[in-house]
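In: Just a sequence and a predicted model for now, questions to come.
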Amino acid sequence: MRAVQLRQHGGPEVLEVVDAPTPKAGAGQLLVDVAASGVNFADIYQRQGIPPYAGDLPAIPGQEGAGTVSAVGPGVEGFAEGDRVAWVGVPGGYAEQVVVPADRAVPVPEHVDFPVAAAAMTQGLAAHYLSHTTHPVAPGDVVVVHAAAGGVGLLLTQLVKIRGGVVVATTSTDEKAELARQAGADHTARYDTFAEVVRQVTGGAGAAVVYDGVGRTTFDDGLAALRLRGLMVAYGTSSGSLPPLDTERLAAGGSLYLTRPTLPQHVASRADLLSRSGDLFGWIAAGRLSVRIGATYPLGDAARAHADLEGRRTSGKLLLLPR
């Protein structure tokens, strides 16, 4: 099979397409023909060799996707050849075939096509736990969604609106601000003005929660934008890691809360994985959740996909289409 292999850490150019051995489904596993594989910042961190994503080399990047079961390993129940499945947190997705543990595979309904299913996994599941678990948005909550035209941002904006929240969305361009408004954002702002917009919207009270996947460049203003006992959700660091924090800043800001959640802990059980993915696919089927696919690339253009994501030249989800 064709696969993208990472032999050394470095820039996008280190990603190369190779002929790799076809994997086999072992006990408790499925062999899946990959229809679409998601491209994420975690893949970039793996390519760059940034812990804890670096891992051993050589490696096939990619940790989410969707496709068709082509073989079922011993001891697997509930799946058969030809089933449509999606997955997250499974390595090796930048390939024509991948082995997926059966307990990490979720059924994909017929009314959800493979690119949408792949695009809904990492970012959709993240948007779900952020809006339903980390801070269960209540009607009327004023919420800041950073990078609102990105893959997580567009989905998170929609889920906050489903729950009745008020979204202040940050973007870097007018075009991206329009995408955020189309997703339901009530207010848009640039990264250097969002705190003032929050003050205007809330009459100076501040936001209930700031969902921050950007990190270093937005963190300080995010703390200043929170209401009394507000919550800073630092779920990503696309602009760089956060410096050490003196917890007295949380006290001085109004008994603020700070959390650093990650997806694996929110889909650790199969019940959680099925419940969250089932919600997402249900909302997609009902027309309540729109998944924006910003660009698709053939397997041989994985390096270009990485460069485009790093350069913030896209909005929505980026996908590789191996077949």
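Out: Done, it's in.
In: and whichever helix or strand Leu125 is part of, what other elements does it pack with?
Out: With elements delineated by DSSP states H and E, Leu125 resides in helix 122-129, which encompasses its position. Applying 3 or more Cβ pairs under 8 Å, 6 or more residues apart in numbering; DSSP states H and E, one finds that helix 122-129 makes contact with helix 151-162, helix 270-285. Glycine gets a C-beta too; all of them are placed from N, C-alpha and C.
In: Mind checking these for the one nearest to Leu125?
Out: Closest to Leu125 of the helices and strands packed on helix 122-129, according to Cβ to Cβ: helix 270-285, at 5.3 Å.
In: Against which helices or strands is the closest one packed?
Out: With contacts defined as 3+ Cβ pairs under 8 Å, 6+ apart, the secondary structure elements packing on helix 270-285 are strand 105-107, helix 114-120, helix 122-129.
In: how many degrees apart are that helix and helix 122-129 in direction?
Out: Here helix 270-285 runs at 100 degrees with respect to helix 122-129, directions being taken by axes from the mean of the first three to the mean of the last three Cα atoms, to 10 degrees.
In: circling back to that earlier point, please produce CSV containing the helices and strands packed on helix 270-285, extended by distance to Glu81, mean neighbour count and mean pLDDT.
Out: Output for the helices and strands packed on helix 270-285, formatted as CSV (distance: least, Cβ to Cβ, whole Å; neighbours: other Cβ atoms under 10 Å; pLDDT from 0 to 100):
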stretch, distance to Glu81, mean neighbour count, mean pLDDT
strand 105-107, 13, 22, 98
helix 114-120, 16, 26, 97
helix 122-129, 26, 25, 97
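In: can those go into a markdown table with extra columns for distance to Val69?
Out: What follows is the helices and strands packed on helix 270-285, written out as a markdown table (distance: least, Cβ to Cβ, whole Å):
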| stretch | distance to Val69 |
| --- | --- |
| strand 105-107 | 8 |
| helix 114-120 | 13 |
| helix 122-129 | 20 |
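In: Out of the ones you listed, which gets nearest to Pro298?
Out: By Cβ to Cβ (comparing all of the helices and strands packed on helix 270-285), the closest turns out to be helix 114-120, at 13.2 Å.
In: export that closest one as PDB, just CAs?
Out: Listed next in PDB are the C-alpha coordinates belonging to helix 114-120 (Å, rounded to 0.1, in the frame of the first residue of the first chain):
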ATOM      1  CA  PHE A 114     -16.500   9.800   4.700                       C
ATOM      2  CA  PRO A 115     -14.800  13.200   4.400                       C
ATOM      3  CA  VAL A 116     -17.400  14.700   6.800                       C
ATOM      4  CA  ALA A 117     -17.000  11.800   9.200                       C
ATOM      5  CA  ALA A 118     -13.200  12.100   9.200                       C
ATOM      6  CA  ALA A 119     -13.400  15.900   9.700                       C
ATOM      7  CA  ALA A 120     -15.900  15.600  12.600                       C
END
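In: which of the helices and strands packed on helix 122-129 is buried the deepest?
Out: Comparing these on average neighbours per residue, with mean count of other Cβ atoms under 10 Å, the densest one is helix 151-162 at a mean of 26.
In: Check which helix or strand the spatially closest residue to Phe114 that is not a sequence neighbour maps to.
Out: Nearest-residue entry for Phe114: Ala35, 3.7 Å, with adjacent residues in sequence omitted and distances by Cβ to Cβ, 6 or more residues apart in numbering. Element membership of Ala35 [criterion: DSSP H and E] is strand 29-39.
In: Work out the sheet partners of that strand and label each with its direction, please.
Out: If you go by DSSP bridges, strand 29-39 pairs up with strand 64-72 (antiparallel), strand 97-101 (antiparallel), strand 317-321 (antiparallel).
In: so how far is Gly82 from the most centrally placed residue in the chain?
Out: For the chain, the residue sitting closest to the mean C-alpha position, by Cα atoms, centre = their mean, is Gln123 at 2.4 Å. Noted for Gln123: a distance of 27 Å to Gly82, by Cβ to Cβ, to the nearest Å.
In: Low-confidence ranges, the stretch 151-300 of the chain, go.
Out: Within the stretch 151-300 of the chain, no range satisfies pLDDT under 70.
In: can you give me the strands for it?
Out: Taking DSSP state E, counting those that start in this stretch, the strands of the stretch 151-300 of the chain run over residues 166-170, 187-189, 207-212, 226-234, 257-259, 293-298.
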